[in-house]
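> Let me see the structure of the following:
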Amino acid sequence: MTDERSCDLCGSRRHALVYEVDGYPIVRCEDCGLVFVGRAQTAQELAGFYDSAYWEDPDAEGYGGYAAAEERKRHHFAGLLAEIEAMRGRGDLLEVGSAYGFFLDEARRRGWRVRGIEPSPHAASHAREELKLSVASTPLSELPVERESVDVIAMWDVIEHLPDPRATVEAACAWLRPGGVLTLSTGDVESLTARLHGRDWSLLAPPWHQFYFSRKTMKRLLAEAGFDVLRVGGDGNVGVDATSARPRVPQAAAKVLASGPVSTLARKLGAGGIMFVFARKAP
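Here you go, the predicted structure:
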């Protein structure tokens, strides 16, 4: 199947249809294996999907209560910051897709100099007005490059939303100082959870999610953009998709798989439906 959108990873137009979800074709590149929405949309069209309902309406597609999850998210972000600091120390940090600003605020409390980019007017307004953070609305790939001006760029659950991941990752490389760290998280389309649930995988969510990376395609993208991958970990969630409309794991088994001991072991082994990637700008 050939569709109107070229592969963002290798440029090929040879695509095979994998699923159709909510009227959107989900295709796999026949040359490199990247999975993505086969029908392109502009950045302006995508931005329109992230109104206040996306962040706070429990009946709408999206987070459905982002503010209420603040404490849990801050705890999670503190752990990620500790990992980053072990690799790079503290310095200048830029977050792409900074949402309400919880990660930036946690970093600022720890001594980082921070700023963010958030195209959603609703989310950016919260970060600016409630937390007094410096947050721009222009995508990183469209901003004038401030070459080698930051030590760390973070993109948590962001790269799958972007209309052009390669352009953003390449821009990140230009912004980072030598040895700077790019860190990101996204769903792993080759994970056990994704493969078990197929078209019912909850992260298969067009048009919000445009790209579905595997560890292989993510490593290729980063390497070609100028990064050495340091570590790829997982969230410890093995096989269970609690928010899927059609869970594939029986409730009793899901309870065991989601238990603390199993999740902890899975994280130590780097397994999970969501991958966490840490990469350093190559010399």
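> longest helix of this structure?
helix 70-88 (DSSP state H).
> Against which helices or strands is that helix packed?
Helix 70-88 sits against helix 102-109, strand 150-156, strand 176-187, strand 274-281, with contacts defined as 3 or more Cβ pairs under 8 Å, 6 or more residues apart in numbering; DSSP states H and E. All C-beta atoms are positioned from the backbone trio N, CA, C, and that covers glycine.
> CA atoms only for the longest one, dumped as CSV, please.
When you say that, I think you mean strand 176-187. Provided in CSV are the C-alpha atoms of strand 176-187 (Å, rounded to 0.1, in the frame of the first residue of the first chain):
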residue,chain,number,x,y,z
LEU,A,176,22.7,20.5,23.1
ARG,A,177,26.2,21.2,24.3
PRO,A,178,28.8,18.6,23.6
GLY,A,179,28.0,15.5,25.6
GLY,A,180,24.5,16.8,26.4
VAL,A,181,21.7,14.4,27.1
LEU,A,182,18.4,13.8,25.2
THR,A,183,15.9,11.8,27.2
LEU,A,184,12.4,10.8,26.2
SER,A,185,9.6,8.3,26.7
THR,A,186,7.1,6.8,24.3
GLY,A,187,5.1,3.6,23.8
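> average pLDDT for it?
Here strand 176-187 scores 98 as its mean pLDDT.
> next one: the first one
Averaged across helix 102-109, pLDDT comes to 98.
> circling back: what sits up against the longest helix of the chain?
For helix 70-88, the external contacting residues (Cβ atoms under 8 Å, 6 or more residues apart in numbering) are 100, 102-103, 105-107, 110, 112, 151-152, 154, 156, 179-181, 183, 230, 276, 278, 280.
> quick one: buried residues of stretch 239-249?
Going by neighbour count (16 or more other Cβ atoms under 10 Å), the buried part of stretch 239-249 is 239, 240, 241, 244, 247, 248, 249.
> where's residue 186 relative to residue 147, distance?
26 Å (Cβ to Cβ, to the nearest Å).
> mind checking the SS state of the residue of the chain most remote from its centre?
Largest separation from the mean C-alpha position in the chain: residue 252, at 30.0 Å (Cα atoms, centre = their mean). Reducing the assignment at residue 252 to three states with DSSP: H, G, I helix; E, B strand; the rest coil gives helix.
> shift numbering so it begins at 693
In the new numbering, first residue 693, that becomes residue 944.
> what residues are up against it?
Residues near residue 944 by Cβ under 8 Å, 6+ apart: none.
> related to what we said a few turns ago, just want to know which of residue 878 and residue 839 has more residues nearby.
Between residue 878 and residue 839, counted using other Cβ atoms under 10 Å, residue 878 has the larger neighbour count: 23 against 9.
> Surely that one is in contact with residue 854?
No - the pair residue 878 and residue 854 does not pass the contact test of Cβ atoms under 8 Å, sitting 10.2 Å apart.
> Sweet, I'm off.
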